[in-house]
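**Student:** Here you go, sequence then predicted model.
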Amino acid sequence: MSIDLARVKGLCFDVDGTLSDTDDVWEARLMKICAHVPYLFRGKNPQPFARWLVMATESPMNQIYHMLDRLSLDDNFARLYNRVSQSRKRTAPPFKIMKGARELLDLVRERYPLTVVSARDEISTRRFLEQFDLGPYFGEVVTSQTCEFTKPFPHPVTHAASAMGLQAHQCVMIGDTTVDILAGKAAGAQTVGLLCGFGTEKELYKAGADLVLRDLTELREVFLTTPG
């Protein structure tokens, strides 16, 4: 399977597991906690358990947020989260940028308008972009609070496309989870799934991904093979 680059006029990027190396950060935090009780783990190594827990919680968390969204309770949750985020802003641990992210963005911004389409809240999304000075790459930042419904509904992708002066079918939604793929397909966009985050190849293709790649470095190779 592949994407039709001749149709592509704009790119939409997820954040967690796509531009931000969220799973590795969460794994490191869990390992730090588990290090206090090493005798609970085989070989006194908590890493396999920490990795399993991070990956296992992704789908339930997406389902919970999707349910809140359908019940129109996501705004209340987002406001509460924002208050917590504001109070923790000075002590919040730094983000980690995904390997190959800046190299990819440097390449594709010369060819396409770019947007962020994230299910994160506004404050932490902006904080990630500010930490790595990525804001100038993106003409629009769509978060969980931008549209009436967030991913896996199509609204964030159609909003991002409109902000770029495009139709959704002219865009590619790039992300690491099934909600990214489902949102992109529902909007009529092409979709690329990445294995550097939370999703697996099987579930990303099952959700309708047009292309599944290992990471952003591999995605950059796709664009390098296409005349700019």
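**Tutor:** Happy to help now that I have it.

**Student:** from here on, contacts and neighbour counts on C-alpha atoms
**Tutor:** OK.

**Student:** Now the element after the helix or strand bottoming out on mean pLDDT in the chain, going C-ward?
**Tutor:** Every helix and strand of the chain was ranked by mean pLDDT, DSSP states H and E. The lowest is helix 74-87, at a mean of 51. Sequence order places helix 101-108 as the next helix or strand after helix 74-87, per DSSP states H and E.

**Student:** List the contacts of that following helix.
**Tutor:** Here helix 101-108 makes contact (CA atoms under 8 Å, 6 or more residues apart in numbering) with Leu19, Tyr137, Leu216, Thr217, Leu219, Arg220, Phe223.

**Student:** again, only this time at 7 Å
**Tutor:** With CA atoms under 7 Å, 6 or more residues apart in numbering as the test, helix 101-108 has contacts from Leu19, Leu216, Arg220.

**Student:** Now intersect these with the helices, please.
**Tutor:** Among the contacts of helix 101-108, the members found in helices (DSSP state H) are Leu216, Arg220.

**Student:** How are the strands of this structure distributed by residue range?
**Tutor:** 10-13, 114-117, 140-142, 171-175, 190-194, 211-213 (DSSP state E).

**Student:** can you put those strands in CSV and add mean pLDDT?
**Tutor:** Converted to CSV, the strands of the chain look like this (pLDDT from 0 to 100):
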stretch, mean pLDDT
strand 10-13, 98
strand 114-117, 98
strand 140-142, 97
strand 171-175, 98
strand 190-194, 97
strand 211-213, 97
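
**Student:** In this structure Pro152 contacts Thr177, no?
**Tutor:** No - in this structure Pro152 lies outside contact range of Thr177 using CA atoms under 7 Å: 9.9 Å.

**Student:** what bridges to Gln190?
**Tutor:** Listed beta-bridge partners, Gln190: Val172 (assigned using DSSP bridges).

**Student:** Wait, it touches Ala168, no?
**Tutor:** No - counting by CA under 7 Å, Gln190 stays clear of Ala168, with 8.5 Å between them.

**Student:** what's near enough to touch Gln167?
**Tutor:** Ala161.

**Student:** Any figure for the gap between it and Phe128?
**Tutor:** Distance of Gln167 to Phe128, given as CA to CA, to the nearest Å: 27 Å.

**Student:** Let me see the contact set for Leu194.
**Tutor:** Taking CA under 7 Å, 6+ apart, one finds Gly175, Asp176, Val212, Leu213, Arg214, Asp215 in contact with Leu194.
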